[in-house]
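K.L.:
just to be clear, the model below is a prediction. Sequence and coordinates:
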Amino acid sequence: SRECLGHLARRQAAAVRDAARAQGLGLGGEARTDAVLGPHTSFKTGGPAALLVRASAIDDLVAWLRLATEHGLPARVLGRGSNVLVDDAGFPGLVVLNRCERWELREESAGHAAVLEAESGVSLPALVHVLARKGWSGLEAAAAVIIAADSAMSASVAATVAVPGTKAKYRGWSGGIAVG
């Protein structure tokens, strides 16, 4: 029954959490069992994940996913939760909240061009705002395209977007976006 499967998933999730502790892996992020996913989505609906982890470092995000795979626990990465519907019954596995938000802007050509590297959990609207305050523009158009792929971005975005009227190109890959 669905109840029995939920019980098994919770036990499996607890085993993954306990394995991380026992192995002394030092994985970052707060791990909670039976954590409701609704507050992490734009629709504010959805049941609990058997195990929910908030990762703020790419290495931790990858390590949690590997650990779940090693223990046979289904796993998903959740970005900002835009346009994501979670079943009221929840998710019977690991959900990693991607909060890997580091970014770096490297100016080139005497300040007329730059390369932006951003981790996959960065809030693009917030990044656009910060860059605009620093006098940079052009990312706004690409942000709209990439935000539409919120959950896909958390895992891997493989696209190059050229912004009309600028020399900016946005290259996406697993772990971030490059602007050059």
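P.N.:
Yep, that arrived. Numbers count the residues shown, from 1 in each chain.
K.L.:
low-confidence regions, this structure specifically.
P.N.:
Across the chain, the ranges flagged by pLDDT under 70 are 1-8, 17, 19-26, 111, 141-180.
K.L.:
so which residues of it form helices?
P.N.:
2-22, 58-70, 124-133, 139-147, 150-155 (DSSP state H).
K.L.:
tell me, how many residues neighbour the closest residue to Ala118 other than its chain neighbours?
P.N.:
Leaving aside its chain neighbours, Ala118 sits nearest to Trp103 (3.9 Å; criterion: CB to CB, 6 or more residues apart in numbering). From N, CA and C alone the C-beta is placed, and that goes for glycine too. Applying other CB atoms under 10 Å, we find 16 residues neighbouring Trp103.
K.L.:
thought Trp103 was touching Leu127?
P.N.:
Yes. If you go by CB atoms under 8 Å, Trp103 and Leu127 touch, sitting 6.3 Å apart.
K.L.:
what do these two both touch?
P.N.:
Ala118 (CB atoms under 8 Å, 6 or more residues apart in numbering).
K.L.:
and stretch 34-43, how far apart are its ends?
P.N.:
19 Å (CA to CA, to the nearest Å).
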